[in-house]
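Peer 1: Need coordinates for the following:
(chains A and B)
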Amino acid sequence: MAVVLLPAVLAAEAGGQKRFELEAATVGDALRQLPVRNLLFDEQGELRRLINVFVDGVDVRGGRLLQEPLQPGSEVRVVGAVAGG
Amino acid sequence: MAVVLPVGTRKGLFLLRSEDHRTWEVEGPLLEGWAVYHAIVDPRDGTLHAATNNPFYGASVHRSSDQGKSWERSEELGLPEGGELKLNATWHIEPGRGSELWLGGDPGVLFRSDDGGRTWQLNEALFAHPTRERWQPGAGGMCTHSIQLADGVMYVAISAAGAFRSEDEGATWTPINKNVAAEFMPDPFPEVGQCVHKLLVHPKRPERVWQQNHCGVYRSDDRGDTWERLDGNGLPTSFGFPLALDPEDPDVAYVIPEQSQEHHYTADGRLGVYRTSDGGASWELASNGLPQRAWVAVLREGLAYDDEAIYFGTQSGSVWTAPRGGSDWMEAARDLPPVLSVEAAPA
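Peer 2: Numbers count the residues shown, from 1 in each chain, chains lettered A, B, ... in the order given. Alright, predicted model coming up:
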């Protein structure tokens, strides 16, 4: 069981739920189970450019991204990239 | 008559309500975290619809059937999987015939909903238009920002693709850009590629169509077959974004000119609304009560009108209103986030 944590705007779109416990083998499996998946992925199935994902504190854009394997108890944190001014 | 103004801003939606057009209550922000490019109250059932965009989470549409207390997000909205194009932004929502609802977006796309905005179907004819390869994005993206339906005819306008007309409910689209300048193109009068900023059809005289363009103000009296340029005779510049009409008099129109295409702020350093009462042959300043010195901008969706008044919002967060005719302006709200859109509906 992995835990996924959402930022405020996404949590509002998920009916106010910020924390999800999911059975998922990879980051992609976990994110695609979320009720806000169409805000995370575009119509071509790609993770939107300004969304970062951290697994147990490590940015998976520097690794295997959606293929990053999850372990029982992994914490997946969805974070908007630092952008704007 | 009591009125509600859905005011879209870069930081959510505000609802401005007034019983007398003099005192205003401001509710919001609603849809926090979303830039609301356009919002309407559907006159058929009172549902609020908002074209919502977020730099992280993409383009969406939200709807509320309880005056903004709770919101649903459209679930099925996007371009075909496996294609090269993605939906970059949602720009304009327009009620259509029967129960249909139309949505314009970037890149130059149009969607139709038959279930009140829950799901959206792409208009294939516009998406696959044979001239699409000659379209190009303006500074705001390649946005379908104007959708008009009148007398069995439908119009869309896209920056910078031009204006198009359909007489078969969107099955085919004919470019209607004759005599409309595209001075930034090698051929200044091409078939398509014009940068329309706003297009409106007069509700009582549906063959009369107005547009504020990147290159001038125009009027057509033959449903867009031909256009007459109107920006001499009183307008300080030909450049601007918003446009408003009068609900009864088809010879009246309002524009808010900007300094130039390089300088997007009000012309001559004043907040000037200009009105024509003779179909665009002449223009006069209708700015009593507005700041005499101002360098502000009113975006393409930022000017609205109803049976009693006209309204506009600025990028500096003010909303102004005046009775029909634009004679005396008063500030309905100030210090909002940058205003992207204003509409008006009975409260």
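Peer 1: where do the helices sit along the chain?
Peer 2: If you meant another chain, say so; for now it's chain A. A:8-13, A:27-32, A:37-40 (DSSP state H).
Peer 1: I was thinking of chain B, sorry if that wasn't clear
Peer 2: So, for chain B - with DSSP H - the helices run B:124-127.
Peer 1: tell me which parts of it are close to chain A?
Peer 2: B:32-34, B:54-58, B:60, B:73, B:75, B:77-83, B:86-87 (CB under 8 Å from any CB of the partner chain). C-beta here means a position set from N, CA and C on the backbone, and glycine is covered the same way.
Peer 1: quick one: which of those residues sit in strands?
Peer 2: B:54, B:58, B:60, B:73 (DSSP state E).
Peer 1: out of those residues, which are buried?
Peer 2: Buried members of these, counted by 16 or more other CB atoms under 10 Å in any protein chain shown: B:54, B:58, B:60, B:73.
Peer 1: List phi and psi for the closest residue to residue B:281 other than its chain neighbours.
Peer 2: Distance criterion CB to CB, 6 or more residues apart in numbering or on different chains; nearest residue to residue B:281, sequence neighbours excluded, is residue B:233 at 6.3 Å. With angles defined as degrees, to the nearest 10, residue B:233 sits at phi 60, psi 50.
Peer 1: Now do the contacts for residue B:233.
Peer 2: B:281, B:282, B:283 (CB atoms under 8 Å, 6 or more residues apart in numbering or on different chains).
Peer 1: swap in residue B:149?
Peer 2: B:94, B:96, B:97, B:102, B:155.
Peer 1: Quick one, grab the pLDDT at residue A:83.
Peer 2: Note for residue A:83: predicted pLDDT of 65.
Peer 1: So which bits of chain A are right by chain B?
Peer 2: Residues of chain A lying near chain B (CB under 8 Å from any CB): A:8-10, A:12-13, A:36, A:38-40, A:42-45, A:48, A:50-51, A:80-81, A:83-84.
Peer 1: Mind checking which of these are buried?
Peer 2: Among those, those buried by neighbour count (16+ other CB under 10 Å) are A:9-10, A:12-13, A:36, A:38-40, A:42-43, A:48, A:50-51, A:80.
Peer 1: do you know which of the helices of chain A lies nearest residue B:329?
Peer 2: helix A:8-13 (35.3 Å; CB to CB).
Peer 1: Report all helices and strands that that closest one contacts.
Peer 2: Helix A:8-13 makes packing contacts with helix A:37-40 when contacts are defined by 3 or more CB pairs under 8 Å, 6 or more residues apart in numbering or on different chains; DSSP states H and E.
Peer 1: Now the helix it packs on: average pLDDT?
Peer 2: pLDDT averaged over helix A:37-40 gives 95.
Peer 1: ok, and what's touching that helix?
Peer 2: By CB under 8 Å, 6+ apart, helix A:37-40 touches A:10, A:13, A:31, A:34, A:47-48, A:51, A:78, B:54, B:57-58, B:60, B:75, B:77-78.
Peer 1: quick one: the strands in the stretch 101-250 of chain B?
Peer 2: Taking DSSP state E, counting those that start in this stretch, the strands of the stretch 101-250 of chain B run over residues B:101-106, B:109-113, B:121-122, B:143-150, B:153-159, B:162-166, B:174-175, B:196-201, B:209-213, B:216-220, B:228-229, B:240-245.
Peer 1: Comparing those, which comes out most buried?
Peer 2: strand B:209-213 (a mean of 28; mean count of other CB atoms under 10 Å in any protein chain shown).
Peer 1: export that one as PDB, just CAs?
Peer 2: Below are the C-alpha coordinates for strand B:209-213, written out as PDB (Å, rounded to 0.1, in the frame of the first residue of the first chain):
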ATOM      1  CA  VAL B 209     -21.400  41.500 -37.600                       C
ATOM      2  CA  TRP B 210     -18.700  43.600 -35.800                       C
ATOM      3  CA  GLN B 211     -15.100  42.800 -35.000                       C
ATOM      4  CA  GLN B 212     -12.200  44.500 -33.200                       C
ATOM      5  CA  ASN B 213      -9.200  43.200 -35.000                       C
END
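Peer 1: Strand partners (parallel or antiparallel) of it?
Peer 2: Here strand B:209-213 is paired, per DSSP bridges, with strand B:196-201 (antiparallel), strand B:216-220 (antiparallel).
Peer 1: which residues sit against the first one?
Peer 2: Contacts made with strand B:196-201 from outside it, assessed by CB under 8 Å, 6+ apart, are listed as B:145-146, B:148, B:150, B:155, B:157-160, B:162-163, B:180, B:208-214, B:240-245, B:300-301.
Peer 1: list the contacts for the residue nearest to residue B:334 when sequence neighbours are not counted?
Peer 2: In this structure, residue B:334 finds its nearest non-sequential neighbour in residue B:318, 4.6 Å apart by CB to CB, 6+ apart. Residue B:318 sits next to B:296, B:331, B:333, B:334, B:335, B:336, B:339 when contact means CB under 8 Å, 6+ apart.
Peer 1: What of residue B:64?
Peer 2: B:30, B:47, B:48, B:50, B:70, B:71, B:72.
Peer 1: and what of residue A:75?
Peer 2: So residue A:75 contacts A:2, A:3, A:5, A:55, A:56, A:57 (CB under 8 Å, 6+ apart).
Peer 1: How about residue A:1?
Peer 2: So residue A:1 contacts A:21, A:22, A:23, A:72, A:73 (CB under 8 Å, 6+ apart).
Peer 1: Please pick the buried ones from the residues you listed.
Peer 2: Among these, those buried by neighbour count (16+ other CB under 10 Å) are residue A:22.
Peer 1: Among the contacts of residue A:1, name the ones in strands.
Peer 2: A:21, A:22.
Peer 1: Next, format the contacts of residue A:1 as a markdown table and append pLDDT.
Peer 2: Output for the contacts of residue A:1, formatted as a markdown table (pLDDT from 0 to 100):
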| residue | pLDDT |
| --- | --- |
| A:21 | 97 |
| A:22 | 95 |
| A:23 | 96 |
| A:72 | 93 |
| A:73 | 94 |
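Peer 1: got any ranges where chain A has weak pLDDT?
Peer 2: A:83-85 (pLDDT under 70).
Peer 1: which ones are touching the nearest residue to residue B:127 once chain neighbours are set aside?
Peer 2: Distances taken as CB to CB, 6+ apart place residue B:109 nearest to residue B:127, at 5.8 Å, with adjacent residues excluded. By CB under 8 Å, 6+ apart, the contact set of residue B:109 is B:79, B:85, B:87, B:122, B:123, B:126, B:127, B:144.
Peer 1: ok, so of those residues, who is nearest residue A:17?
Peer 2: Scanning these for proximity to residue A:17, where the rule is CB to CB, the winner is residue B:87, at 25.6 Å.
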